[in-house]
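Trainee: The following comprises the amino acid sequence and a computationally predicted model.
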2 protein chains.
Amino acid sequence: MRILQAVKGANPMDNTMEARVQQDYVQEILSLLRSGKSDEEIRDHLGDYHANDIAEALPELSLEERHRLYALLNNEGLAEVMEYSDEADDYLEELSPQRAAAILEEMEPDEAVDLLKETDSRQKKVWMSLMDPEDRRSLQTLASYDEDLIGSRMTTNFVALNSGLSIKEAMRSLIEQAADNDNISTLYVVGKNRSYLGAVELKDLIIARRDTKLCDITATSYPYVYANDRIEDCLEKLKDYSERSIPVLSDSKRILGVITAQDVIEVVDDEMGEDYAKLAGLTAEEDLKEPIRESIKKRLPWLMLLLVLGLVVSTVVGMFEAVVAKLTIIMAFQSLILDMAGNVGTQSLAVTIRVLMDEKLTGRQKLGLIGKEMTVGGLNGIILGFLALSGIGAYIALFKHLPLHQAFLISFCIGIALLLAMVISSFVGTAVPIFFKRVGVDPAAASGPLITTITDLVGVVTYYGLSAILLIDIMHMGAI
Amino acid sequence: MRILQAVKGANPMDNTMEARVQQDYVQEILSLLRSGKSDEEIRDHLGDYHANDIAEALPELSLEERHRLYALLNNEGLAEVMEYSDEADDYLEELSPQRAAAILEEMEPDEAVDLLKETDSRQKKVWMSLMDPEDRRSLQTLASYDEDLIGSRMTTNFVALNSGLSIKEAMRSLIEQAADNDNISTLYVVGKNRSYLGAVELKDLIIARRDTKLCDITATSYPYVYANDRIEDCLEKLKDYSERSIPVLSDSKRILGVITAQDVIEVVDDEMGEDYAKLAGLTAEEDLKEPIRESIKKRLPWLMLLLVLGLVVSTVVGMFEAVVAKLTIIMAFQSLILDMAGNVGTQSLAVTIRVLMDEKLTGRQKLGLIGKEMTVGGLNGIILGFLALSGIGAYIALFKHLPLHQAFLISFCIGIALLLAMVISSFVGTAVPIFFKRVGVDPAAASGPLITTITDLVGVVTYYGLSAILLIDIMHMGAI
């Protein structure tokens, strides 16, 4: 059991009435820089703040104030600030190319690569040319991975120990490497050519007897991923292991880097944000600063497609013109049936996409999921169909002044169409994304338009078809 | 710059043709347990595997095999496996109550609390009564935090050092605590009564001169959160700092625990999953194992509400019955306009909800966002409206055999209605969630139904209204 004194007697109801002081470190940093204190004093105080807070203060500062700040921080400190800044490329341009190159060398390599992606290619070339050749090659390698591969997300901030070392030697090697690499909770054990052999927890290394060999305390079946793995394929694994870091290997099993828990946060945030956006019919996620041109580009494709598909639905609705002409009252409820079918389809789609993202399903499980969704859709359909039958029947009788039996015949059609549309929408909302996943198309992006169209068609055909047969052909209602 | 040898020459294009061996550790563990090797040998090999893989092997084992596994692992090892298992409560019941209590003592407190939430209250009482009183109190305290408060997500696995210590004393204190607490990358410095003073990076402690005092190297403005903070209010902050751990304080500024990067992954996953589900009209996220009854419960409320709101729309559509009766052809395009308006509204809604989640907006920024969304909607509307005007005009002339001028008058109404509906949907899709956020209602859950209804109403009124005025009143078209 971990530290207990800490929570002893710490009842969360204590002190709730006492105002919690919210820290505003960014304001403090601004005041500090503008305080007129000596460089020495300011430098001393700056060390107390988190690099993220200093990074957030940057846009609030004037160019002159920023130059003062740059001069106060050493390369290592400024590199850390740049890792947290959204506009790091702009700030780096305010420095001499020599210092900018030195900062890039000090930054976490994956963050440096992200920064360089934002930089124009001329500036990038200048900086790269001034960097240490070894550092430059390392950045080039990271940058060469496709954005959807794990390699593009890894960092080379990790400690590798040779399997031949004794515990004592391993400790010495760790301390040497720790100056540059601070991901030391888990250490990686390598053989010849840095081939990956396993992992050791720092804790186990500390408590091990000095005379044992490193290979004796190595967990040889520690999890790993390949740099060429697709992110979406191993994200679930990374989340499941929930480790501080997971090693990233080349195809020939050499260790290239690690994925830290912080990297996983970023990846989860990005991947889920993308899926969320796609569900809403955007081709990619947008944020507040997105230019209007970009926003239009992200939204127009889906809307265009939907316009074309909408025309297909309209063609089918048009086939029932004669029915509507005879019995105009029924067209008022078309939107209700289509909306409900669309909603049910979206619910099934959302559940299915999340399940597909989280787990590898067997064919049997897929059938089970489809079956379950149809059952849920059917049961909800029975409840809502019955509500529609009784509620809308009464509504028509009351507001449209139709005889009771005619009102309930119409609402019967609505109820049955609703039930059928909901069951089929559930099926479509589950089967379509499973199909797209199967054929290697992104289900989150592709499913929406197809599902909307199919559910619309099903809703229209059931509703007007049933009305045509039951109300007009059999009951000879019309001209109401 | 961090370890470079690792990536040197590691071109991702190397070896892509060579098959990557995918590890299947779960299968290996199963084979190991069924191999007939001696206990000693199996125990030795088990140490090589990650607890998560052993946890995943549990459901594949027979009860007898599981009992053998339980006997092979010590309490600490088994506790770690339980932290990773989804059905840990069931497996714990297979142990003697004494051992179960001991395992609970060894587990990470936040994981133990999660496990106990799944356990029936009688069993829970037995286990709790057998636990060390101090451990029990710690779990009770963690369990007392509401699910939406940070306190419910923290762990007490952290190292606290007294500010009065010298560097040498601090190192000794760290090594003592490290046996139980393995989150040691960042160490927390406390004063009297464990009041929080700041943080020290392990790296800085290691390189500090032995004769300096701990307080000299303490970052006193290190970020923190309060246990009583709402998760959604400080999630963005936790993501921004991207630290291995952030301290969690009581309202009186005593340190109670930490939020690790792994905790943040879980929180991000949960929070985004919820928003995703709500956008799709589910009241909460579902997974594959969800019983049908639960699924119905999660989906029915929204559907019921939509049925009622759908009836409102139907009433308004019903008002245009006379128009449709005169000019039946126009009703075929109702679904197209409503679908498009709904899609545009959903796009704006999705963008707005993500923006609202990520940032605290000023009134000016909110107006800016609404303005931008309407501009995007308007520009997309002009493009699509023009496409509809020309495309659908031609379509009507060709397939419905109408004179060209009549066909284009109808498609003019469709184009204008589409444009207006898209602009207003963009406004509604942005303003409604901002309004709900303002009045303290969850915008992700509440906005959908209202937006659908409003966009439907706008679409219907514009389309049929325009048709009534332009086509029937002015042009005297009818009975087509």
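Mentor: Received it, and whenever you're ready, just let me know what you need. Residues are numbered from 1 along each chain as shown, chains lettered A, B, ... in the order given.
Trainee: Mind pulling up the pLDDT for A:D204?
Mentor: The confidence metric pLDDT takes the value 84 at A:D204.
Trainee: Could you measure from it over to A:E169?
Mentor: Between A:D204 and A:E169 the computed distance is 16 Å (C-beta to C-beta, to the nearest Å). Any C-beta I mention is one placed from the backbone N, CA and C, and that applies to glycine too.
Trainee: Look through chain A and tell me its longest helix.
Mentor: helix A:363-399 (DSSP state H).
Trainee: just how off-centre is that one within its chain?
Mentor: Counting by C-alpha atoms, centre = their mean, to the nearest Å, helix A:363-399 is centred 32 Å from the centre of its parent chain.
Trainee: Which elements pack onto that helix?
Mentor: helix A:334-358, helix A:404-438, helix B:292-318 (3 or more C-beta pairs under 8 Å, 6 or more residues apart in numbering or on different chains; DSSP states H and E).
Trainee: okay, those helices in TSV with mean neighbour count and distance to B:Y463 next?
Mentor: Shown next, in TSV, are the helices and strands packed on helix A:363-399 (neighbours: other C-beta atoms under 10 Å in any protein chain shown; distance: least, C-beta to C-beta, whole Å):
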stretch	mean neighbour count	distance to B:Y463
helix A:334-358	26	11
helix A:404-438	23	22
helix B:292-318	18	10
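Trainee: Columns mean pLDDT and distance to A:T260 on top of those, output as a markdown table?
Mentor: Compiled in a markdown table, those are given as follows (pLDDT from 0 to 100; distance: least, C-beta to C-beta, whole Å):
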| stretch | mean pLDDT | distance to A:T260 |
| --- | --- | --- |
| helix A:334-358 | 84 | 22 |
| helix A:404-438 | 90 | 29 |
| helix B:292-318 | 85 | 35 |
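Trainee: so where's chain A uncertain?
Mentor: Counting by pLDDT under 70, chain A shows low-confidence ranges at A:1-23, A:283, A:286-288, A:358-359, A:478-480.
Trainee: okay, now the domains of it?
Mentor: The record's domain parsing of chain A by automatic domain parsing lists A:25-144, A:160-266, A:293-474.
Trainee: A:L63 and A:E94, how far apart?
Mentor: Here the criterion is C-beta to C-beta. By it, A:L63 lies 7 Å from A:E94.
Trainee: More neighbours: which of those two?
Mentor: Applying other C-beta atoms under 10 Å in any protein chain shown to A:L63 and A:E94 shows that A:E94 carries more neighbours, namely 12 against 8.
Trainee: now the helices: where do they sit in the stretch 151-300 of chain A?
Mentor: Listed in chain order, the helices of the stretch 151-300 of chain A (DSSP state H, counting those that start in this stretch) span A:167-178, A:202-207, A:231-241, A:261-279, A:292-319.
Trainee: Quick one, which of the ones you listed gets closest to A:M154.
Mentor: helix A:261-279 (7.2 Å; C-beta to C-beta).
Trainee: and the closest one, what does it pack onto?
Mentor: Against helix A:261-279 (3+ C-beta pairs under 8 Å, 6+ apart) you get helix A:231-241, helix A:334-358, helix A:443-466, helix B:261-279, helix B:334-358.
Trainee: Hmm, A:T452 is touching A:L309, no?
Mentor: Yes. Contact criterion C-beta atoms under 8 Å: A:T452 and A:L309 qualify, at 7.1 Å.
Trainee: Setting aside sequence neighbours, what's the nearest residue to A:S314?
Mentor: Nearest non-adjacent residue to A:S314, counting by C-beta to C-beta, 6 or more residues apart in numbering or on different chains: B:A332, 4.7 Å away.
Trainee: Revised request: answer the last question for A:L116.
Mentor: Leaving aside its chain neighbours, A:L116 sits nearest to A:K124 (5.4 Å; criterion: C-beta to C-beta, 6+ apart).
Trainee: Then A:I29?
Mentor: A:I29 sits nearest to A:A57 (C-beta to C-beta, 6+ apart), 4.3 Å away.
Trainee: Who are the packing partners of the strand or helix carrying that neighbour?
Mentor: Using DSSP states H and E, A:A57 falls within helix A:51-57. Contact partners of helix A:51-57 among helices and strands, from 3+ C-beta pairs under 8 Å, 6+ apart: helix A:25-33, helix A:75-84.
Trainee: what's the closest of those helices to B:G164?
Mentor: helix A:25-33 (25.1 Å).
Trainee: Pull the distance from the closest one to the chain's centre.
Mentor: A distance of 33 Å separates the centroid of the chain from that of helix A:25-33, by C-alpha atoms, centre = their mean.
Trainee: B:D89 is nearest to which of the domains of chain A?
Mentor: Nearest of those (C-beta to C-beta): domain A:160-266, 18.5 Å.
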